[in-house]
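> coordinates only, sequence not included:
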């Protein structure tokens, strides 16, 4: 396996590991790194950008029409889900729980830490946006944010598909 030094450090592939042998991907041992970096990180960065733009419009653009929602129950439910989605990557990062570690490595790979460090702020900004919308609601960019969340869900389904294809190699659900 001949590769570029920083790429090997970032992805930490195991040459004859589970991902190299069992996965039918062209990336081979780099499959978890490729999926996590190219698909999941990208979709979270898109969500981060969309939420930032919408927050900027709410706070700084005085040309948009502002509304006050009659009921905030829907926003409270969305806020709770955003809080859970914020807490999950933070807990995984703090506790060192890796979903791609099938070869018994002692620590998380840098690509997974970077992914979690992008995922947590993206969902936290979504939580901030939802909490701001309980007071001031605008219609601009709302469909863009919704499509960004759908794009994010598609990226997570791709990652879940790769993880489920390897379910026979997981010895237990979580190693702490």
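The structure has been received and is ready for your questions. Just so it is clear, the model here is predicted, and its values are computed rather than measured. Numbering: from 1, shown residues only.

> and the helix or strand hosting residue 7, how far out from the chain's middle?
Following DSSP states H and E, one finds residue 7 within helix 5-11. Mean C-alpha position of helix 5-11 versus that of the full chain (CA atoms, centre = their mean, to the nearest Å) differs by 21 Å.

> next SSE downstream of that helix?
The first helix or strand that comes after helix 5-11 along the chain, using DSSP H and E, is helix 18-22.

> what's next to that following helix, contact-wise?
13, 14, 28, 29, 31, 32, 100, 102, 103, 166, 169 (CB atoms under 8 Å, 6 or more residues apart in numbering). (C-beta placed from N, C-alpha, C; glycine too.)

> tell me the buried residues in the helix or strand just after that helix?
Next along the chain after helix 18-22, taking DSSP H and E as the criterion, comes helix 31-34. Neighbour counts over helix 31-34 (16 or more other CB atoms under 10 Å) mark 31, 32, 33, 34 as buried.

> stretch 133-150 too?
Buried residues in stretch 133-150 (16+ other CB under 10 Å): 133, 137, 138, 141, 145, 148, 149.

> how about low-confidence regions in the protein?
Under the criterion pLDDT under 70, the flagged ranges of the chain are 1-3, 22-25, 170-176.

> SS state for the most far-flung residue of it relative to its centre?
Computed with CA atoms, centre = their mean, the residue of the chain farthest from its C-alpha average is residue 63, at 32.5 Å. Under DSSP: H, G, I helix; E, B strand; the rest coil, residue 63 falls in the coil class.

> before we move on, the earlier item: against which helices or strands is the helix holding residue 7 packed?
helix 31-34, helix 110-133 (3 or more CB pairs under 8 Å, 6 or more residues apart in numbering; DSSP states H and E).

> what helix or strand is the residue nearest to residue 141 when sequence neighbours are not counted located in?
Distances taken as CB to CB, 6 or more residues apart in numbering place residue 54 nearest to residue 141, at 4.5 Å, with adjacent residues excluded. In the assignment (DSSP H and E), residue 54 maps to helix 42-60.

> how far does that helix sit from the chain's center?
Centre to centre, stretch against its chain (CA atoms, centre = their mean), the figure for helix 42-60 is 15 Å.

> begin at 824, not 1, for the rest of this chat.
Will do, 824 is the new start, and the previous item becomes helix 865-883.

> who's in contact with the residue nearest the centre of the chain?
By CA atoms, centre = their mean, the chain has its centre lying nearest to residue 942, at 4.0 Å. For residue 942, the contact set (CB under 8 Å, 6+ apart) comprises 863, 867, 912.
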